[in-house]
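A.B. asks: Task: produce atomic coordinates for the following.
(one chain, ligands or ions: 5)
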Amino acid sequence: MEASILNLALLHLLLLLLPSLSSIIAAVSDSEAAMISRRQLQSFSDPRGAVLPSSLEFNIEVEVEIRNPALRRAYSAFQALKNAIYSDPKNFTGNWVGPFVCSYKGVFCATFPEDPSLHFVASVDLNGADIAGFLPTELALLANATVFHANSNRFCGVIPEIFARLESMFEFDVSNNRLVGGFPRAVLRMPKLKYLDLRYNDFEGSLPAELFEKALDALFVNGNRFDSSLPENFGNSTVSIAILANNRLTGCIPRSIGRMANLNELILMGNKLDSCLPVEAGRLRNATVFDVGFNSLSGVVPESFAGMKNLEELDVSHNLLTGAIPNGVCQLPSLANFNFSYNYFEEAPPECRTREASKSLFDNSLNCISRRPKQRTEKVCGPVVSCPVDCRKFKCGYAASPPPPPSLFSSPPPPAQSPPPPPPAEIVLPPAGGFSYASPPPPMYKGY
Ligand SMILES: *[C@@H]1O[C@H](CO)[C@@H](O)[C@H](O)[C@H]1NC(C)=O
Ligand SMILES: *[C@@H]1O[C@H](CO)[C@@H](O)[C@H](O)[C@H]1NC(C)=O
Ligand SMILES: *[C@@H]1O[C@H](CO)[C@@H](O)[C@H](O)[C@H]1NC(C)=O
Ligand SMILES: *[C@@H]1O[C@H](CO)[C@@H](O)[C@H](O)[C@H]1NC(C)=O
Ligand SMILES: *[C@@H]1O[C@H](CO)[C@@H](O)[C@H](O)[C@H]1NC(C)=O
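C.D. replies: Ligands and ions are numbered 1, 2, ... in the order given. Have a look, this model is predicted:
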């Protein structure tokens with residue numbers, strides 16, 4: 001009897017402690033995430049969050065009087081966001097009280113050019129607030145906001161479709177949260193969007209072709225669960241930086257890639273791409289970083305890659321590539337880091353040897369290159385290198401591969417089975433920090 005009363009008391013204590021516990025642990029458990037997401041769905045008057053609640057303005061006029069309509073809508077938006085917060089361990093929203101939203105922490109206002117006395121919310125910066133909750137449809141009322149940064153919080157659920165109404169949005173960063181669902185199509189309809197950062201969430205499904213028709217400057221979708229192939233119009237993208245690493249993308253690297261004239265940095269590492277390397281990539285004259293490591297790419301490194309004149313970093317490691325490293329690639333003047341380890345290359349030309357010797361970071365380990373240290377055994381190499389890949393078989397529109405050079409291993413025909421690819425190592429990128437993967441310092445645009 002006494003024991004069960006004690007248990008009951010303990011249970012009560014636990015229940016009381018629960019909210020504060022969750023803020024101490026500063027993580028959302030799967031069941032909490034599910035609960036928060038259910039609350040988000042209940043708040044939608046339709047299943048996808050495509051419409052705003054109708055009684056919106058009426059509700060707030062009862063509470064406070066704000067004459068500026070833009071700020072009145074903003075007030076509704078932030079009240080809704082406050083109600084959608086489940087835990088705010090840093091008390092980030094502590095001063096979100098009263099009608100003047102421009103003084104709220106993380107909210108920045110500007111004035112309309114037509115009327116400098118009228119304020120509107122220009123930017124919202126919740127970066128690193130560690131807030132757990134969901135994104136309510138009412139945030140779509142911030143129609144004039146150009147920046148929304150919510151990096152490193154614990155937002156769950158989906159990005160409501162009505163966010164398409166954020167027609168002034170220039171930078172949209174919800175990276176490092178727990179957002180789910182298919183690719184958030186709302187962002188495709190933000191006409192002015194330049195900087196899109198969805199990395200480190202749980203988005204899944206396919207990358208829509210429309211994404212690559214947008215006039216974006218930067219695209220970060222790494223660290224999600226996208227599992228489509230890259231659409232054929234990939235190369236229509238205007239981005240200068242595209243980080244699609246660590247998803248489950250399959251299939252071709254589209255030939256259209258050669259049209260990405262603005263491209264400076266492309267990171268496709270850690271996917272399941274299983275085509276050849278397109279010759280057209282050689283047209284990327286302004287590319288400084290080209291990383292396709294940890295995929296299942298086969299065939300050769302095309303001679304044309306020597307056309308990427310500004311290349312500083314080239315990573316093709318952990319694939320199934322064969323043949324000879326093109327001399328021209330090793331001669332690229334700015335190439336400081338060339339990693340072709342964990343493949344089945346048979347030859348690296350003299351220029352590569354010189355660079356390898358001069359200890360710049362040319363990593364050739366675990367290939368099939370004769371008279372080099374740290375190579376694969378003949379038994380492992382033989383079956384792969386004596387079985388040249390016809391790139392046409394991938395149906396990516398590639399031309400026939402050039403005939404392979406006479407192989408050192410042109411011994412008996414290989415067994416049909418090629419050796420298993422190297423185990424896909426678990427790659428964890430830092431959430432923020434470093435040049436390529438860091439979020440921009442808000443609310444400025446340049447300098448990510
Ligand atoms: C949260 O911040 C507000 C305003 O800054 C303050 O009044 C309040 O006491 C804080 N709450 C806690 C729990 O620290
Ligand atoms: C503010 O948003 C409204 C509604 O989308 C739009 O009509 C107006 O042009 C915007 N003004 C500015 C200065 O962005
Ligand atoms: C991609 O660009 C090409 C050439 O500009 C254009 O013909 C094609 O329609 C675009 N693709 C899509 C899907 O819009
Ligand atoms: C490539 O870089 C050069 C030099 O920085 C620049 O002048 C040129 O406009 C760039 N080309 C494209 C298509 O961005
Ligand atoms: C090259 O890549 C392999 C596998 O991705 C990695 O283990 C190695 O450290 C890299 N080498 C250099 C010099 O970065």
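A.B. asks: Strands of the stretch 301-448 of the chain, start to end?
C.D. replies: 313-315, 320-324, 337-339, 344-347, 361-363 (DSSP state E, counting those that start in this stretch).
A.B. asks: right, and those strands - which one's nearest Ala306?
C.D. replies: strand 313-315 (10.7 Å; Cβ to Cβ). For the C-beta atoms, the positions are set from N, CA and C on the backbone; glycine is no exception.
A.B. asks: Give me the helices and strands touching the closest one, please.
C.D. replies: strand 289-291, strand 337-339 (3 or more Cβ pairs under 8 Å, 6 or more residues apart in numbering; DSSP states H and E).
A.B. asks: Kindly report the residues of the stretch 251-400 of the chain close to ligand 4.
C.D. replies: 261-262, 286 (Cβ under 6 Å from any ligand atom).
A.B. asks: closest one to ligand 2 among the helices and strands packed on strand 313-315?
C.D. replies: Nearest to ligand 2 among those is strand 289-291; the distance by Cβ to the nearest ligand atom comes to 34.8 Å.
A.B. asks: Name the residues that touch the closest one?
C.D. replies: 245, 264-269, 281, 284, 308, 311-315, 436 (Cβ atoms under 8 Å, 6 or more residues apart in numbering).
A.B. asks: Pairing partners for that strand, with directions?
C.D. replies: Pairing partners of strand 289-291, with direction, according to DSSP bridges: strand 265-267 (parallel), strand 313-315 (parallel).
A.B. asks: how about JSON lines for the ones you listed, with distance to Glu232, mean pLDDT and mean neighbour count added?
C.D. replies: Putting these into JSON lines (distance: least, Cβ to Cβ, whole Å; pLDDT from 0 to 100; neighbours: other Cβ atoms under 10 Å) gives the following:
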{"stretch": "strand 265-267", "distance to Glu232": "17", "mean pLDDT": "98", "mean neighbour count": "22"}
{"stretch": "strand 313-315", "distance to Glu232": "24", "mean pLDDT": "97", "mean neighbour count": "22"}
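A.B. asks: Pro254: which of those strands is closest?
C.D. replies: strand 265-267 (12.1 Å).
A.B. asks: Next secondary structure after that closest one?
C.D. replies: strand 272-273 (DSSP states H and E).
A.B. asks: Counting by contacts, list what that next one packs against.
C.D. replies: strand 250-251.
A.B. asks: quick revisit: what is the nearest of the contacts of strand 289-291 to Ser256?
C.D. replies: Ala281 (10.6 Å).
A.B. asks: So the closest one is in contact with Pro302, correct?
C.D. replies: Yes - counting by Cβ atoms under 8 Å, Ala281 touches Pro302, with 7.4 Å between them.
A.B. asks: would TSV of the strands of the stretch 301-448 of the chain with distance to ligand 2 be doable?
C.D. replies: Below are the strands of the stretch 301-448 of the chain laid out as TSV (distance: least, Cβ to the nearest ligand atom, whole Å):
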stretch	distance to ligand 2
strand 313-315	39
strand 320-324	49
strand 337-339	43
strand 344-347	54
strand 361-363	47
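A.B. asks: Dump the ones you listed into JSON lines; add distance to Val124 as well.
C.D. replies: Converted to JSON lines, those look like this (distance: least, Cβ to Cβ, whole Å):
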{"stretch": "strand 313-315", "distance to Val124": "34"}
{"stretch": "strand 320-324", "distance to Val124": "45"}
{"stretch": "strand 337-339", "distance to Val124": "37"}
{"stretch": "strand 344-347", "distance to Val124": "49"}
{"stretch": "strand 361-363", "distance to Val124": "41"}
